[in-house]
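Colleague: what's the 3D shape of this:
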Amino acid sequence: MSSATLQDEPWIDEFFNLVAVETLPLFEYLSFDFLSEYDVFAPAHRGRTRDHHPPELFRGFLHCFYRGIYGPRPVTRELQNTAVWLSCGFDRSPSRDAADRFLTDLGLVVDDVFSRLVEQAAARGLLDSTFRIDSTDLEALAWNGDASWNYDLTAEEYYYGFGLTIASAGSNIPTAAEFTQAKQASKETAMRVTCDALAIKCPIWMLGDSAYDILDWHDFLLEAGVVPIAPYNARNTTDPLDIEYRIEDRINEFPEDVTLKRLILNETYKRRTQVERTFGACLDCGLGTLRARGRVHARVQAYLGLCLRVIVAITNYEQGENPGRTKLVA
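Modeller: Take a look at the predicted model:
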C-alpha cells in the first residue's frame, strides 16, 4: 500500500492528529520533486535501483534536523516511526544504507539545492535590500579526520572543525554560502559568496566587517550597482587614509553613480549584526556541532541546516507568522 493511498484513507487524518507530526507543515508549501531532476540521483544502468526517491529522503532529513537528530544511524532510527515515514512520503521506512547513500549523493548538488530554495524565498519577497556577509566556525567531533585545528582571532581560542561563510538578508535568511576548511574567509571565498548572493537578488547595500576591506570586493559591488560598506583597515597599509569606511575612498572612482555621507554609512552599518542573528537561527536548524564523519557529510550537514532555515522561514510566512522565527507555530 503506497503512502498516497494511505493518505486517502479517512482514518489517516485522525491518526496524524493523534501522533501530531510537528514537521508536516514544512512539506506543505514547497515541492521537492526537482531533486529527481539531478543526474546524481538517476537510477544506475547496472545494479540495484533506488528503494526510495530523493524528495522523500530529503523530507526525512529535514524532519530529523528540525528535531535535532543528525547522522544516518539516528536518522534511520527516527524514520522507523510509522507516523514519521508516512508524513515524509515513504512507502516504508528507509534503511541506513539508503540514508547514507543519499547523503553522499546529495553532497554533489546540495549547494544548488540550497540556491533553489533561496530563490523561492526571494519570489515571496522575503529578502530585503540589505545583504550582510560574514564567516563562522563550525566545530566537528574528534572522530572527523578531515577537520583541522584552527585559531579564531575573534574568540582568541582554537577550535577543531571547519568554517562557513554566508550572505544573509531579510528575516535571518541565508542567501549564499561556502563551506571552508577554516573560519577565516579568503578573498576568493568572499567573492564567490557575494556573486552567488547577487545572482539571487541585487540589493542596495552589502555589509561586511573589516575583513572585507578588499578592493576587488568593493569595485565588483559598485559596478553591480550595490553600495559596499566595510570598515577601513588601516593595518593594510603603511600610509593610512583619513577614512572610516573603504567606500569613502572607492567612491572617488564612481562619482556619477554614488554620493554618500558618513552618517548614512554609520547608520546603515549598524544593521550588519543581523548576520550574527542569522547564524544563530541556522544553529537552531542543524548548523551546530558537525556530527558527521568526513568532509563530505560534514558539508552536507551544514547545507541541510541552511536549507531547513530557509524552509522554516517560508513555512512561517505562508502560515501568516513571522518568517524570522526559527520554529513553527504549533
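Colleague: Could you pull out the strands in the stretch 201-330 of the chain for me?
Modeller: With strands called from DSSP state E, counting those that start in this stretch, the stretch 201-330 of the chain shows them at 205-207, 227-229.
Colleague: Can you say which of those strands is nearest to Gly294?
Modeller: strand 205-207 (33.3 Å; Cβ to Cβ). In short, each C-beta sits where N, CA and C put it, glycine included.
Colleague: what's the spacing between the longest helix seen in the chain and its chain's center?
Modeller: Longest helix in the chain, counting residues (DSSP state H): helix 294-318. Centroid separation for helix 294-318 versus its chain: 5 Å, with Cα atoms, centre = their mean, to the nearest Å.
Colleague: Any buried residues in it, and which?
Modeller: Across helix 294-318, burial judged by 16 or more other Cβ atoms under 10 Å covers 294-317.
Colleague: try stretch 77-97
Modeller: Glu78, Leu79, Val84, Trp85, Leu86, Ser87, Cys88, Gly89, Phe90, Asp91, Ser93, Pro94.
Colleague: I'd like to know which of the residues you listed is nearest to Ala42.
Modeller: Nearest to Ala42, judged by Cβ to Cβ, of those is Pro94 at 18.3 Å.
Colleague: State whether that closest one and Gly60 are indeed in contact, as I suppose.
Modeller: Yes: in terms of Cβ atoms under 8 Å, Pro94 counts as a neighbour of Gly60; the distance is 6.8 Å.
Colleague: Residues that sit against both of the two, list them.
Modeller: Leu79, Trp85 (Cβ atoms under 8 Å, 6 or more residues apart in numbering).
Colleague: coming back round to it: turn the strands of the stretch 201-330 of the chain into JSON lines, columns for mean neighbour count.
Modeller: As requested, the strands of the stretch 201-330 of the chain are arranged in JSON lines below (neighbours: other Cβ atoms under 10 Å):
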{"stretch": "strand 205-207", "mean neighbour count": "24"}
{"stretch": "strand 227-229", "mean neighbour count": "24"}
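Colleague: Any chance of CSV for these, columns distance to Leu215 and mean pLDDT?
Modeller: Listed next are these as CSV, based on distance: least, Cβ to Cβ, whole Å; pLDDT from 0 to 100:
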stretch, distance to Leu215, mean pLDDT
strand 205-207, 15, 97
strand 227-229, 10, 94
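Colleague: out of those, nearest to Arg271?
Modeller: strand 205-207 (6.4 Å).
Colleague: and the strands of the stretch 201-330 of the chain as a markdown table, adding distance to Cys195?
Modeller: Output for the strands of the stretch 201-330 of the chain, formatted as a markdown table (distance: least, Cβ to Cβ, whole Å):
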| stretch | distance to Cys195 |
| --- | --- |
| strand 205-207 | 11 |
| strand 227-229 | 13 |
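Colleague: With adjacent residues omitted, what lies nearest to Asp100?
Modeller: Among residues not flanking Asp100 along the chain, Pro72 sits closest, at 4.3 Å (Cβ to Cβ, 6 or more residues apart in numbering).
Colleague: so the one you found touches Arg101, yeah?
Modeller: No: using Cβ under 8 Å, Pro72 is not in contact with Arg101, being 9.1 Å away.
Colleague: The two - which one has more neighbours?
Modeller: Pro72 (22 against 17; other Cβ atoms under 10 Å).
Colleague: Now do the contacts for the more buried one.
Modeller: With Cβ under 8 Å, 6+ apart, Pro72 has these contacts: Arg96, Ala99, Asp100, Leu103.
Colleague: Helix, strand or coil: sort out the second one for me.
Modeller: What it means is Ala99. helix (DSSP: H, G, I helix; E, B strand; the rest coil).
Colleague: quick one: it and Leu57 touch, right?
Modeller: Yes: judged on Cβ under 8 Å, Ala99 makes contact with Leu57 at a distance of 7.0 Å.
Colleague: Settle it for me: which of these two has more neighbours?
Modeller: Leu57 (28 against 22).
Colleague: now the closest residue to Phe162 other than its chain neighbours, what's its secondary structure?
Modeller: Among residues not flanking Phe162 along the chain, Leu138 sits closest, at 4.8 Å (Cβ to Cβ, 6+ apart). Classification of Leu138 by three-state DSSP places it in strand.
Colleague: So Leu138 versus Arg192, what's the distance?
Modeller: 18 Å (Cβ to Cβ, to the nearest Å).
Colleague: Of the two, which one has the most company?
Modeller: The neighbour comparison of Leu138 against Arg192 (other Cβ under 10 Å) goes to Leu138, with 24 against 16.
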